[in-house]
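S.K.: Everything below, folded, please.
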Amino acid sequence: MPTKEEKQRAARVEKRRAAQEAASASTSEQTNPKRTEKEHENYNPVNMLNQTQHKGLATAVFGLLMCKLSILVVAKHPLPFIKESTPTTQELWKILALFYYPLLYYPLLACGSLQSRVGYVLGSLLSWTHFAVLVWQKSDCPRTPEIYKYHSLLSSFPQMGCLAFLSFQYPLLLFKNFNTESQTNASEDLKSSYYKDYVRKILRKPVKSSLSPETPNLQSRLKTLLSGYIYKPEDDFRFPLKVAISSVVAFVTVYQVALLLVVQVVPVLQKMRAGVKEDIVYLLAGFGVVLSESKAEVVELVRYYFWVVEVCYISALTLSCLVTLTMLMRSMVLHRLNLQGLYRGDIYAVYNCQRSIRPSRPALVCWMSFTSYQSAFVCLGMLIQTVVFFICLLWFVFLILFPVLYGRHLFAFRILQAMWPLWLTLCLAGILQHVAAKFAFLKKDGGTRDLDNRHALFLLTYLLFPVNVLVGFLVALWRMVITSLYNIIHFSRLDISLLNRAVESFDPGYRCYAHYLKVEVSQSHPVMKAFCSLLLQSQHLEEAVAQRIQDAEEGIQLVQQDKKKTKLSKSRVARARWWLLFTLVNNPSLVASRKHFQCQSAEAFYNGTLNRDNKGSEKKPDKAEA
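M.R.: As a prediction, the model looks like this:
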């Protein structure tokens, strides 16, 4: 049991410690104002796109802007306070609206950037106001005369979802702030353990599997293929804020474009089908098309064909949405792989040549426009896919399916029937070449393959030259179809180039993505963030050690066991810092961040890594000349 004197001494130590902490805090704020500004830099209302900000708030606000932009394209009155406009001034009002709506929703984003109770209260009030006004407008007037009567209501559903999320998230952040008595932050900052966990993972020894490699079966191959198109979150990796915003905006774009394509075409087809009358018989007869002798049957057939066209269009649009969503999921998987590769310094896994991972003028421009480009590419890609899929489905239904089912309009089959000798010749020539190559022109000798019957091979090559020219035309058409379909399907993706690897820099979409990665990796590298976190932590540890020395002078002694733990923890910290410093020095992605190496020439780097033999190689010619 401590004596009365020991209790009094401990009380005096605690009082003196509290007084010294208060005095040191006040003096540090007075003598080092830059440090205070640095601490409050993340809580700036214009710091909304920093990695320390809440991702949900930023993605919701950008989703609101995308919803407004999709409505703005087809709106007759782009601004809410202007009800009458001429065709000349309408375009000017639309240009003004491009700047009005970002200013309108900026307070919703700025309130979250403050990361304080005042900001959360203001954000809650603003989000509730916007949500209440939008719900009141749509419930009071759900129909509009523009395009389709319910288009305005249907297009506002994502907008309602974003505002509902903000209306729920801001009070939740305020509630957490009151409970924890500290700043609440859903993103990773220097105080978060995300960066330290990432460094621990890359420094962990890989587990060697003792199992022998086996040939994967069909089930494992399908599982691997599907895993490449299904994004699964990982605990040790988090997407940058810009990528999260781009993904949400892309999904909102898919909904808005699909809705616009439906309301623009489907009601027109329904009106055309309902307006078919007996006059259509004379119109078809003028083109030499006689569907039936009965006028009533002709009317029913035409209406049925219009219904088939409508089904083909909706099917093409649905297929386009599924393809676009699949490509977006695949892009998210490749985003993670590319970022992880650049974090490791594997530059050639992403780029086809040596690149310096540092910000530049074009890189910053591409970083600013990455999200906008992604939504624009998705919009145009869906439009092209819908048109192409619609034409392909119409050809399949009216040229193949209907003739087979009903025995009418056998145009395609008659053409194929008239050219059957040519198709038979081409097929036999292809079969002959494959059979001869397998059984006559290849021989196995000692487990290896070699050519055989060379004279017959040369003779058959000469005789089949004219036939292979015709086969080449068919292969060229097939190549054109496959290339077109591949480019159309992957048009909305920025993470891959639609051009050859050697000329991929001429692809503006991929060029934007490549420059975006430079800025993102150079500014949010987990190893660099972990190093900065350790520097801040070491400063606090030094202050704690100084305080312990002062307490020891007052008579408070530590137990021997605590000393052993302190020594053990110091050795672990030193070892971890050494590994972190080794990674910082040798990681190619961080070479450009060190000021000492920024003056080096491009020849001094190989795959982003400093070429330490470069100086020696430059001095050798001088010695030879001497």
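S.K.: give me the element the closest residue to residue 399 other than its chain neighbours is part of.
M.R.: Once flanking residues are discounted, residue 399 sits nearest to residue 412: 4.5 Å by CB to CB, 6 or more residues apart in numbering. (Glycine included, C-beta is placed from N, CA and C.) In the assignment (DSSP states H and E), residue 412 maps to helix 411-418.
S.K.: Let me know the next secondary structure element after that helix.
M.R.: helix 420-439.
S.K.: Output that next one as PDB - backbone C-alpha positions only.
M.R.: Extracted in PDB, the C-alpha atoms of helix 420-439 (Å, rounded to 0.1, in the frame of the first residue of the first chain):
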ATOM      1  CA  TRP A 420     -23.700 -23.600-102.800                       C
ATOM      2  CA  PRO A 421     -20.900 -24.800-105.200                       C
ATOM      3  CA  LEU A 422     -18.700 -22.000-104.000                       C
ATOM      4  CA  TRP A 423     -19.400 -22.700-100.300                       C
ATOM      5  CA  LEU A 424     -18.800 -26.400-100.800                       C
ATOM      6  CA  THR A 425     -15.500 -25.800-102.600                       C
ATOM      7  CA  LEU A 426     -14.200 -23.500 -99.800                       C
ATOM      8  CA  CYS A 427     -15.200 -25.900 -97.100                       C
ATOM      9  CA  LEU A 428     -13.600 -28.900 -98.900                       C
ATOM     10  CA  ALA A 429     -10.400 -26.900 -99.500                       C
ATOM     11  CA  GLY A 430     -10.200 -26.000 -95.800                       C
ATOM     12  CA  ILE A 431     -10.900 -29.600 -94.700                       C
ATOM     13  CA  LEU A 432      -8.300 -30.900 -97.200                       C
ATOM     14  CA  GLN A 433      -5.600 -28.600 -95.900                       C
ATOM     15  CA  HIS A 434      -6.200 -29.500 -92.300                       C
ATOM     16  CA  VAL A 435      -6.300 -33.300 -93.000                       C
ATOM     17  CA  ALA A 436      -3.200 -33.200 -95.200                       C
ATOM     18  CA  ALA A 437      -1.300 -31.100 -92.600                       C
ATOM     19  CA  LYS A 438      -2.000 -33.600 -89.900                       C
ATOM     20  CA  PHE A 439      -1.600 -37.000 -91.600                       C
END
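S.K.: what angle separates the helix holding residue 412 from helix 420-439?
M.R.: 70 degrees (axes from the mean of the first three to the mean of the last three CA atoms, to 10 degrees).
S.K.: So, low pLDDT: which residues of the stretch 201-350 of the chain?
M.R.: Counting by pLDDT under 70, the stretch 201-350 of the chain shows low-confidence ranges at 206-215.
S.K.: One more: the chain?
M.R.: The chain contains residues with pLDDT under 70 at 1-43, 145-147, 180-192, 206-215, 537-570, 572-573, 576-577, 579-626.
S.K.: all strands in it, in order from the N-terminus.
M.R.: Assigned by DSSP state E, the strands in the chain fall at 442-445, 448-451, 605-606, 609-610.
S.K.: where do the helices sit along the stretch 101-250 of the chain?
M.R.: For the stretch 101-250 of the chain, the helices defined by DSSP state H, counting those that start in this stretch occupy 117-140, 151-155, 157-180, 194-203, 218-227, 241-274.
S.K.: can you redo these as a markdown table with distance to residue 488 and mean neighbour count?
M.R.: Formatted as a markdown table, these follow (distance: least, CB to CB, whole Å; neighbours: other CB atoms under 10 Å):
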| stretch | distance to residue 488 | mean neighbour count |
| --- | --- | --- |
| helix 117-140 | 36 | 16 |
| helix 151-155 | 26 | 19 |
| helix 157-180 | 26 | 18 |
| helix 194-203 | 38 | 17 |
| helix 218-227 | 21 | 10 |
| helix 241-274 | 15 | 19 |
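S.K.: Now distance to residue 290 too, for the ones you listed, in TSV please.
M.R.: Putting the helices of the stretch 101-250 of the chain into TSV (distance: least, CB to CB, whole Å) gives the following:
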stretch	distance to residue 290
helix 117-140	50
helix 151-155	40
helix 157-180	47
helix 194-203	73
helix 218-227	50
helix 241-274	21
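S.K.: wait, which of the ones you listed is closest to residue 355?
M.R.: With CB to CB as the measure, helix 241-274 is the member of these nearest residue 355 (19.0 Å).
S.K.: and the residue nearest to residue 399, what does it touch?
M.R.: Residue 412 makes contact with 399, 400, 403 under the criterion CB atoms under 8 Å, 6 or more residues apart in numbering.
S.K.: Mark which of those residues are buried, thanks.
M.R.: Among these, those scoring as buried are 399, 403 (criterion: 16 or more other CB atoms under 10 Å).
S.K.: Quick check: residue 62 touching residue 371?
M.R.: Yes. Judged on CB atoms under 8 Å, residue 62 makes contact with residue 371 at a distance of 6.9 Å.
S.K.: where do the contact lists of the two overlap?
M.R.: In contact with both residue 62 and residue 371: 245, 249, using CB under 8 Å, 6+ apart.
S.K.: re the thing from before, ok, so of the contacts of residue 412, who is nearest residue 444?
M.R.: Nearest member of these to residue 444, counting by CB to CB, is residue 400, at 43.6 Å.
S.K.: Give me the angle between the lengthiest helix in the chain and helix 241-274.
M.R.: Looking across the chain with DSSP state H, the single longest helix is helix 295-344. Interaxial angle of helix 295-344 relative to helix 241-274 (the same axes, to 10 degrees): 170 degrees.
S.K.: Number the chain from 48, please
M.R.: Shifting the count to begin at 48 puts that one at helix 342-391.
S.K.: which other helices and strands contact helix 342-391?
M.R.: Here helix 342-391 touches helix 288-321, helix 326-333, helix 408-443, helix 555-570, going by 3 or more CB pairs under 8 Å, 6 or more residues apart in numbering; DSSP states H and E.
S.K.: Quick one: those helices as CSV, columns for distance to residue 364 too.
M.R.: As requested, these are arranged in CSV below (distance: least, CB to CB, whole Å):
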stretch, distance to residue 364
helix 288-321, 6
helix 326-333, 26
helix 408-443, 5
helix 555-570, 23
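S.K.: do you know which of those lies nearest residue 388?
M.R.: helix 555-570 (9.7 Å).
S.K.: Now that closest one: buried residues?
M.R.: Neighbour-count burial for helix 555-570 [16+ other CB under 10 Å]: 556-570.
S.K.: For it, which outside residues touch it?
M.R.: By CB under 8 Å, 6+ apart, the residues outside helix 555-570 that reach it are 98, 287, 289-290, 385-386, 389-390, 397-398, 402-407, 409-414, 416-417, 420, 424, 540-546, 551-552, 636, 639-640.
S.K.: rerun at 6 Å
M.R.: Outside of helix 555-570, the residues within contact range by CB atoms under 6 Å, 6 or more residues apart in numbering are 287, 389, 404-406, 409-410, 413-414, 417, 420, 424, 541-542, 544, 551-552, 636.
S.K.: Report the buried members of these.
M.R.: Judged by 16+ other CB under 10 Å, buried ones among those: 287, 389, 404-405, 410, 413-414, 417, 420, 424, 541-542, 544, 551, 636.
S.K.: Please identify which of these is nearest to residue 475.
M.R.: Nearest member of the buried ones among the contacts of helix 555-570 to residue 475, counting by CB to CB, is residue 544, at 40.4 Å.
S.K.: Noted, bye for now.
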